[in-house]
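*Asks:* predicted model follows, preceded by the sequence.
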Amino acid sequence: MTTLVRWAPFRDLDVIERRMRRMLEDFGVAPAPLPAADLYETEKELVVELEVPGFEDKELALEVSDHTLTIKGERKRDKEEKAKTFYLHERLEKHFERSFTLPPEADIEHVDATFRGGVLEVHVPKVEQVEARTVEIQA
């Protein structure tokens, strides 16, 4: 009996991409996968949510410099890993780094972060915008 299977080209591309990544990782030139992120804005703040399952809060670091928010994660391994042959390898490795450019209205002096359930949530308040005023020119 023949079974009809709908062809899904993107599924095939996904398999190809994973094989290419694995091949490039063997040569040491493929970038590590980055954690998924959401960056959104409310009326009073900017929020970055970063999924980092398997990491603990002490393994994460935040840095704000020149309106760039950088989040780093480095996992320490206590136990020795045995050799594995992966069929699929998508989980975050031991180290990652993500940077986000913040807009000029971001108050980088009052950044706040929480970590719950494998999600790092960074809140960046907005600076109150000063209304434009007319300046008289002296003669």
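*Replies:* Thanks, I have the structure now.

*Asks:* can you map out the strands along this structure?
*Replies:* Applying DSSP state E to the chain gives strands spanning 37-41, 45-51, 60-65, 68-74, 95-101, 112-116, 119-125.

*Asks:* for those strands, which has the smallest mean pLDDT value?
*Replies:* Ranked on mean pLDDT, the bottom entry among these is strand 95-101, at a mean of 89.

*Asks:* ok, that one: who's next to it in the sheet?
*Replies:* If you go by DSSP bridges, strand 95-101 pairs up with strand 68-74 (antiparallel).

*Asks:* mind listing what's buried along the strand it pairs with?
*Replies:* By neighbour count on 16 or more other CB atoms under 10 Å, the buried set for strand 68-74 is 69, 71, 73. (Glycine included, C-beta is placed from N, CA and C.)

*Asks:* wait, isn't the first one in contact with residue 47?
*Replies:* This points to residue 69. No - using CB atoms under 8 Å as the test, residue 69 is too far from residue 47 to be in contact (11.2 Å).

*Asks:* nearest to residue 21, out of the strands of the chain?
*Replies:* Residue 21 lies closest, by CB to CB, to one member of these: strand 95-101, at 15.1 Å.

*Asks:* buried residues, that closest one. List them.
*Replies:* 96, 98, 100.

*Asks:* residues contacting the residue nearest to the second one when sequence neighbours are not counted?
*Replies:* Nearest residue to residue 98, sequence neighbours excluded (CB to CB, 6 or more residues apart in numbering): residue 71, at 5.1 Å. Residue 71 makes contacts with 48, 50, 60, 61, 62, 97, 98, 99, 100, 120, 122, as judged by CB atoms under 8 Å, 6 or more residues apart in numbering.

*Asks:* can you do 7 Å?
*Replies:* With contact set as CB atoms under 7 Å, 6 or more residues apart in numbering, residue 71 has these partners: 50, 60, 62, 98, 120.

*Asks:* that one and residue 44, how far apart?
*Replies:* Going from residue 71 to residue 44 by CB to CB, to the nearest Å gives 21 Å.
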